[in-house]
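# Provide a 3D model corresponding to the input given below.
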Amino acid sequence: MKASVELRDKREARLRQQLKDTPMRPLPLFQVTGWNHFVDEEVAPPARTDGGPGPERRTDERAIAYHRHLRMVPTDAMSHLQETVVQAVHLNSGRRAGLMDHVIDGPAGTGKTCLLRAVGRAAQQEIEAGTGGRQQNTIPVVHITTPVDPEPKVNWVWEIASYLGLNPEPKSLAEVLEMRRHPDLTLPVNYVLESAQTRLLLIDDIDRATVQQLATVLPHFDYLRNKLGISLLFCGTGASHLLHQARALAGDWTRVGQEDRARLEQQGQMCIRSRSWIRRGGGRGCGSSRFRRRRAGRTGCTST
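Numbering: from 1, shown residues only. Model prediction:
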């Protein structure tokens, strides 16, 4: 336990140093400390020293640093979207059923990720304002991106665990090189999300996953929504179409799985009835091994 605490503190110190050295890197946004820094960040525009843009303005380091933040221009559409998502988070928190997801869709390069993060920041600020400020051991918003390998579900869970600080910190480079696959952290992740009262999960770049890969992980996201009451906000080019196809495919898999289960149960019952009839049957013909093999072959089972 002491070693894990020391590794966590070491990781926290490294992250804070990264925020100081390279504050504009996107990596810290996918960890709770960096995300909270993003939510609390206040960027004031520099004072204008002349009447308009010019060579001095274009080389002004303070102006360049301000524009690196890509602050969203407040528009009616932007304000309406933020209010809609925040309202949906509040409505989902007050429901036991009928919780709804939201999707940000659009062509590449149109600012979907910037909008996603702006909505997440507004939602967290609204939640914290309603609780009298940031409460200890609460994580209102979780921000993840599609994993490098979206095939297994554990990789998606690992992204959430990384944000929460639950993934084990490697002790050396050799240990990193020895890692072949991520361990399944579903249970601790679900426990932390529940105890931290997480209200919103931001999932970016889902267009990097195929329909089949999304279909395997959607049941887990549905679990987070339906049991823990977490609102889901997906983002990516063609996200609406991808999610629609993935949900249809996941439903087909569920239906096929139920049909296969029913067929196997029916075959098992036929085997039991066949074996019971063989055991009850008397006489020379019914008791012969040739008859048992022939009878079992008709039901699709092998006699034991």
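# now the strands for this structure?
Using DSSP state E, the strands of the chain run over 102-104, 141-145, 200-204, 231-235.
# tell me which of those strands lies nearest to Ser79.
strand 102-104 (15.4 Å; C-beta to C-beta). For every residue, glycine as well, the C-beta is placed using N, CA and C.
# which non-adjacent residue is nearest Glu159?
Leaving aside its chain neighbours, Glu159 sits nearest to Ile144 (4.1 Å; criterion: C-beta to C-beta, 6 or more residues apart in numbering).
# residues contacting the one you found?
Counting by C-beta atoms under 8 Å, 6 or more residues apart in numbering, Ile144 touches Phe30, Trp156, Glu159, Ile160, Ser162, Tyr163, Leu201, Leu202, Ile203, Asp204.
# same question for Thr216.
Thr216 neighbours (C-beta under 8 Å, 6+ apart): Glu151, Pro152, Lys153, Ala250.
# and which of those residues is nearest to Leu99?
Of the contacts of Thr216, the one sitting nearest to Leu99 (C-beta to C-beta) turns out to be Ala250, at 17.2 Å.
# so that closest one sits against Pro219, correct?
Yes: using C-beta atoms under 8 Å, Ala250 is in contact with Pro219, at 6.5 Å.
# which one of these two is surrounded by more residues?
More neighbours surround Ala250 than the other of Ala250 and Pro219, with 19 against 12 (other C-beta atoms under 10 Å).
# give me the nearest residue to the more buried one, chain neighbours excluded.
Per C-beta to C-beta, 6+ apart, closest to Ala250 is Ala215, 4.3 Å.
# residue contacts, that neighbour?
Here Ala215 is in contact with Ala246, Arg247, Leu249, Ala250, Trp253 (C-beta under 8 Å, 6+ apart).
# neighbour-wise, which of those leads?
For those, the largest neighbour count, defined by other C-beta under 10 Å, is 21 neighbours, found at Ala246.
# that one and Asp207, how far apart?
Distance, Ala246 to Asp207, using C-beta to C-beta, to the nearest Å: 12 Å.
# Thr186 now?
In this view, Thr186 and Asp207 are 25 Å apart by C-beta to C-beta.
# quick check, Leu115 in contact with Leu81.
Yes: between Leu115 and Leu81 there is a contact under C-beta under 8 Å: 7.1 Å.
# so what's Gln197 up against?
Each residue near Gln197 by C-beta under 8 Å, 6+ apart is listed here: Thr138, Ile139, Pro140.
# out of those, who's nearest Gly109?
Using C-beta to C-beta, the contacts of Gln197 come closest to Gly109 at Pro140, 29.3 Å.
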